[in-house]
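Asks: got a sequence here, can you build the structure:
(2 chains)
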Amino acid sequence: MENFSPISASIGGAMIGLAAVWLMASVGRIAGISGILGGIIEKNDNKAWRLSFFIGLIIGPQFMAAIDPRILTIEFPVEGPFLIIGAILVGIGTQLGNGCTSGHGVCGNALSSRRSILATITFMTTGIVTVLLTKFIGGV
Amino acid sequence: MKISVSCLLAGILFGCGLTLSQMINPEKVISFLDISGNWDPSLAFVMGAALTVTFIGYRTVFNRKLPLFVDKFQVPTRKDIDTKLILGASVFGIGWGITGLCPGPAIASISFGGNNSIIFVTTMTTTIFVYRYINSKV
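Replies: Predicted coordinates for the structure are as follows:
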């Protein structure tokens, strides 16, 4: 439990929740990133709201960095081919399953959606098993 | 205009939350999923807090008939559990477990995550668009 950071985790999580609530209150949408992204290609709506959200998502971290630049120091467990494979799996999986950690994990569960509850349990399980396996196989 | 500004603000707040909670750091995510190692339960607190706020907040929001700037709420209504859901979630979880990245944090990290962020987001986005395109033709 070396890097356990319950306070920043909780405050950060509350901010995520607040963002989701604001998106619903203002434009009636679920703050599911995979859905907001995937919907760009559909011939359904005016894309401006999606692009505006993503611009905000991208510049948000820089506001935090203005307070402490170290907060943007991140580490990637894999690079190259495994990063690409992982990205493809995330891409396919989120579309096939209609959601991700924000869409199902936060928003869907907040709506007590049984689809989201099950999806969350499922991706948490395969996520944990995958990390266990990569450790066991070693060096990934 | 009000719609764009609202969504911009939502995105900024979301990005700030992801950053403060360190969900933008793939290693932070992996250390939660890695239950056999130096386990860091922080992600559970992130999700717990986000869920609590959203749960209460949504109830308040839905007491109103309409959103502020559009004429309807767009909330998914499906209740069925199907193979696609389980398969999709499973596959997503595998990709998440390999990279420590999911869509939100990945996109949020574009401005500072270097080549790895760009590679991941480009690949993920292309995959998503190709999937959606093929799906619409089938």
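Asks: could you export the longest helix along chain A as CSV, CA atoms only?
Replies: Secondary structure of chain A per DSSP state H: the longest helix is helix A:114-137. Extracted in CSV, the C-alpha atoms of helix A:114-137 (Å, rounded to 0.1, in the frame of the first residue of the first chain):
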residue,chain,number,x,y,z
ARG,A,114,-27.7,-4.0,-14.3
ARG,A,115,-25.8,-3.9,-17.7
SER,A,116,-23.3,-1.6,-16.2
ILE,A,117,-22.9,-3.4,-12.9
LEU,A,118,-22.2,-6.6,-14.8
ALA,A,119,-19.9,-4.9,-17.3
THR,A,120,-17.9,-3.3,-14.5
ILE,A,121,-17.5,-6.6,-12.6
THR,A,122,-16.4,-8.2,-15.9
PHE,A,123,-13.8,-5.6,-17.0
MET,A,124,-12.4,-5.4,-13.4
THR,A,125,-12.0,-9.2,-13.4
THR,A,126,-10.3,-9.5,-16.8
GLY,A,127,-8.2,-6.5,-16.0
ILE,A,128,-7.0,-8.1,-12.7
VAL,A,129,-6.5,-11.5,-14.4
THR,A,130,-4.5,-9.9,-17.2
VAL,A,131,-2.2,-8.1,-14.9
LEU,A,132,-1.6,-11.3,-12.9
LEU,A,133,-0.9,-13.2,-16.1
THR,A,134,1.5,-10.6,-17.5
LYS,A,135,3.4,-10.7,-14.2
PHE,A,136,3.4,-14.5,-14.2
ILE,A,137,4.6,-14.6,-17.8
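Asks: and that helix, what's buried?
Replies: Judged by neighbour count (16 or more other C-beta atoms under 10 Å in any protein chain shown), helix A:114-137 contains these buried residues: A:115-120, A:122-124, A:126-132, A:134. Yep, even glycine has a C-beta here, placed from its N, CA and C like the rest.
Asks: same deal with stretch A:51-70?
Replies: Under 16+ other C-beta under 10 Å, the buried positions of stretch A:51-70 are A:51-62, A:64-65.
Asks: filter those by proximity to chain B?
Replies: A:52-62, A:64-65 (C-beta under 8 Å from any C-beta of the partner chain).
Asks: export the residues you listed to JSON lines and tack on secondary structure?
Replies: Output for those, formatted as JSON lines (DSSP: H, G, I helix; E, B strand; the rest coil):
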{"residue": "A:Ser52", "secondary structure": "helix"}
{"residue": "A:Phe53", "secondary structure": "helix"}
{"residue": "A:Phe54", "secondary structure": "helix"}
{"residue": "A:Ile55", "secondary structure": "helix"}
{"residue": "A:Gly56", "secondary structure": "helix"}
{"residue": "A:Leu57", "secondary structure": "helix"}
{"residue": "A:Ile58", "secondary structure": "helix"}
{"residue": "A:Ile59", "secondary structure": "helix"}
{"residue": "A:Gly60", "secondary structure": "helix"}
{"residue": "A:Pro61", "secondary structure": "helix"}
{"residue": "A:Gln62", "secondary structure": "helix"}
{"residue": "A:Met64", "secondary structure": "helix"}
{"residue": "A:Ala65", "secondary structure": "helix"}
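Asks: just the buried positions in the host helix or strand of B:Ile56, please.
Replies: Following DSSP states H and E, one finds B:Ile56 within helix B:42-61. Buried residues in helix B:42-61, counted by 16+ other C-beta under 10 Å: B:42-43, B:45-51, B:53-55, B:57-58, B:61.
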